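Chemist: following is a predicted model, sequence given first.
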Amino acid sequence: MAPWRSQVLTIFPEMFPGPLGLSLAGKALERGLWALDVLDIRDFARDKHRSVDDTPFGGGAGMVMRPDVVDTALAAAAQRWQQEPAQGLARESAGDQAGDVPVIYLSPRGRLLTQDLVRDLAAAPGVTLLCGRYEGVDQRVLEARGVLEVSVGDYILSGGEPAALVLMDAVVRLLPGVMGNEVSSGEESFGAEGFEGLLEYPLYTRPAEWQGRTVPEVLTSGHHEKVRQWRRAQAEEITRTRRPDLWARYTKGQR
């Protein structure tokens, strides 16, 4: 089976793999559990200055990434799925799966990146990520290419690259063989069985007493069911008080 593959389109290719070249993600990349292909959008520019942007129609500050340049870069990315399939993937199979690879533009106006979406992306053959800069990308190429806009949060970044790293990190850790402890990834926020949709409960380790603060007695009782009940109650209370939006979604799903 071919590894999950990410293609990143950016004007700053040196930003990748960045932190994803370290720790578990980096080790998994070295082992071939996932693959990373970075394309420099400037390579698809049409002038000697390698320009990728121009002034916005209608006026306003900043620059906008050109649709013709971005479209050529996206076309090259799609072609690579057929011409340079990931290790272990036959060319014929790569061509069949290319249409199943989502193309995502990282944008604060996009669909919120949730754990459910992360799971869907991890189940796909891979993903193509378009990292915008300046004021953004011409709307026409996003529509023409059927690009999915995804947001990592309600804030503004200097470009799509940090958001792309966040998305890839979330996906890569779900891939088979990446996490050292398979149970660990299922016990975190939004993931534990029976705890879906809740924030994580408080965590404790040794020493049992630190600066006069002790570990909750139930956690040292050895009574697994009581521990589970305590953790669920804590997760529910934390979600209710800190994230009313998640709590409303959770309680609606429990009806």
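Modeler: Looks like it came in fine. Being a predicted model, the structure only gives us computed values, none of them experimental. Numbering: from 1, shown residues only.
Chemist: please pull out the lowest mean pLDDT helix or strand from the chain.
Modeler: Among the helical and strand segments of the chain, the one scoring lowest on mean pLDDT, DSSP states H and E is helix 91-98, with a mean of 45.
Chemist: where does the stretch 1-150 of the chain have low pLDDT?
Modeler: The stretch 1-150 of the chain contains residues with pLDDT under 70 at 84-99.
Chemist: okay, now the domains of this protein?
Modeler: Split into domains by automatic domain parsing, the chain comes to 4-172, 190-254.
Chemist: where does the prediction get shaky in the stretch 151-255 of the chain?
Modeler: Residue ranges of the stretch 151-255 of the chain with pLDDT under 70: 181-194.
Chemist: nearest spatial neighbour of the residue nearest the centre of the chain, skipping sequence neighbours?
Modeler: When C-alpha atoms, centre = their mean is applied to the chain, the residue found nearest the centroid is residue 167 (1.4 Å). Distances taken as C-beta to C-beta, 6 or more residues apart in numbering put residue 113 closest to residue 167, at 6.1 Å, once the chain neighbours are dropped. To be clear about C-beta, it is placed using only N, CA and C from the backbone, and glycine gets the same treatment.
Chemist: likewise residue 55?
Modeler: Distances taken as C-beta to C-beta, 6+ apart place residue 63 nearest to residue 55, at 6.3 Å, with adjacent residues excluded.
Chemist: now whichever strand in the chain runs longest, how far from the chain's geometric center?
Modeler: Secondary structure of the chain read by DSSP state E shows that its longest strand is strand 103-112. In terms of C-alpha atoms, centre = their mean, to the nearest Å, the centre of strand 103-112 is found 11 Å from the chain centre.
Chemist: what do you get for stretch 66-84?
Modeler: 21 Å.
Chemist: likewise for stretch 165-175?
Modeler: Averaging C-alpha positions (C-alpha atoms, centre = their mean) puts stretch 165-175 5 Å from its chain's average.
Chemist: try stretch 217-237
Modeler: On the basis of C-alpha atoms, centre = their mean, stretch 217-237 sits 31 Å off its chain's mean C-alpha point.
Chemist: hey, which helix is longest across this protein?
Modeler: helix 224-242 (DSSP state H).
Chemist: could I get the buried residue list for that helix?
Modeler: 227, 230, 231, 234, 235, 236, 238, 239, 240 (16 or more other C-beta atoms under 10 Å).
Chemist: same deal with stretch 166-176?
Modeler: For stretch 166-176, the neighbour count (16+ other C-beta under 10 Å) marks 166, 167, 168, 169, 170, 171, 172, 173, 174, 175 as buried.
Chemist: in helices, which of those appear?
Modeler: Those of these lying in helices (DSSP H): 166, 167, 168, 169, 170, 171, 172.
Chemist: before we move on, back to that, strand partners of the longest strand of the chain, parallel vs antiparallel please.
Modeler: Paired strands of strand 103-112, with direction, are strand 126-130 (parallel), strand 148-151 (parallel) (DSSP bridges).
Chemist: let's have those in CSV, adding mean neighbour count and distance to residue 5.
Modeler: What follows is the strands paired with strand 103-112, written out as CSV (neighbours: other C-beta atoms under 10 Å; distance: least, C-beta to C-beta, whole Å):
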stretch, mean neighbour count, distance to residue 5
strand 126-130, 25, 3
strand 148-151, 18, 17
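Chemist: kindly reformat those as JSON lines containing distance to residue 209.
Modeler: Shown next, in JSON lines, are those (distance: least, C-beta to C-beta, whole Å):
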{"stretch": "strand 126-130", "distance to residue 209": "47"}
{"stretch": "strand 148-151", "distance to residue 209": "43"}
